[in-house]
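[1] generate a structure from the sequence data that follows.
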Amino acid sequence: MSFFSIIPIWFATTLLYFASPKQRYLATSLKRSPSYAIAALLILSGFYILTLQFPIVSAMLAVVVVLMSSLVSVTLLSAYPKRRFYLTATMVCAFSLLLGGIAYVA
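    Now for the predicted structure:
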C-alpha cells in the first residue's frame, strides 16, 4: 500500500517543476498558485495513503523522504531529453503500481 503513495507525490513534484520558470519541457510554465495548490493536495493524498499503513509520524517522515528524493530526481532528469523524462515518469508509476499490487496480494 505504501508504494501507491509514491505516485501522487511524484506527480506533485513534476507539477512543481512545471510551475518553475526554469523548466524546459513546456513552452510556458504553469501558473504557480493553482500548481502549488494541486501539488499540496497530491502530497496530502500520498500522506493519507501512508497513514493507512503507518503511524502519523512515520508517514510524515516517509512523505518528506519521498518528496525530497522525487524533487532531486525530477531536477536531475530535466537535463535529459523530453522522451527520457516521460519514460522515467511512466516507469516510476508502473513500478509503484506493480510493487503495490504485489504487496497487497501477498
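[2] do you know how far the nearest residue to Leu50 once chain neighbours are set aside is from Tyr17?
    Excluding the flanking residues, the one nearest Leu50 by C-beta to C-beta, 6 or more residues apart in numbering is Ala59, at 3.8 Å. Where you see a C-beta, it was placed from the backbone N, CA and C, and this is true even at glycine. Ala59 is 24 Å from Tyr17, where distance means C-beta to C-beta, to the nearest Å.
[3] please identify which helix or strand holds Met91.
    If you go by DSSP states H and E, Met91 is part of helix 82-105.
[4] now that helix: average pLDDT?
    For helix 82-105, mean pLDDT rounds to 69.
[5] same check on stretch 12-30?
    86.
[6] and the residue nearest to Leu50, how many neighbours?
    When neighbours are counted by other C-beta atoms under 10 Å, Ala59 registers 20.
[7] so what's it up against?
    The contact partners of Ala59, by C-beta atoms under 8 Å, 6 or more residues apart in numbering, come to Phe47, Leu50, Thr51, Gln53.
[8] number of residues surrounding the third one?
    Spelled out, that is Thr51. Quick note: Thr51 (other C-beta under 10 Å) scores 16 neighbours.
[9] can you name the residues that contact it?
    Neighbouring residues of Thr51 by C-beta under 8 Å, 6+ apart: Ala59.
[10] please tell me how far it sits from Tyr25.
    32 Å.
[11] if we can go back for a sec, list the buried residues in the helix or strand where the residue nearest to Leu50 lies.
    Using DSSP H and E, Ala59 sits within helix 56-77. Neighbour counts using 16 or more other C-beta atoms under 10 Å place Ala59, Ala62, Val63, Val66, Leu67, Ser70, Leu71, Ser73, Val74, Leu77 of helix 56-77 among the buried residues.
[12] what do you get for stretch 26-35?
    Those would be Ser29, Leu30, Ser35, for stretch 26-35 by 16+ other C-beta under 10 Å.
[13] let me know the closest of those residues to Ile6.
    Closest to Ile6 out of the buried residues of stretch 26-35 is Ser35 (19.6 Å), distances taken as C-beta to C-beta.
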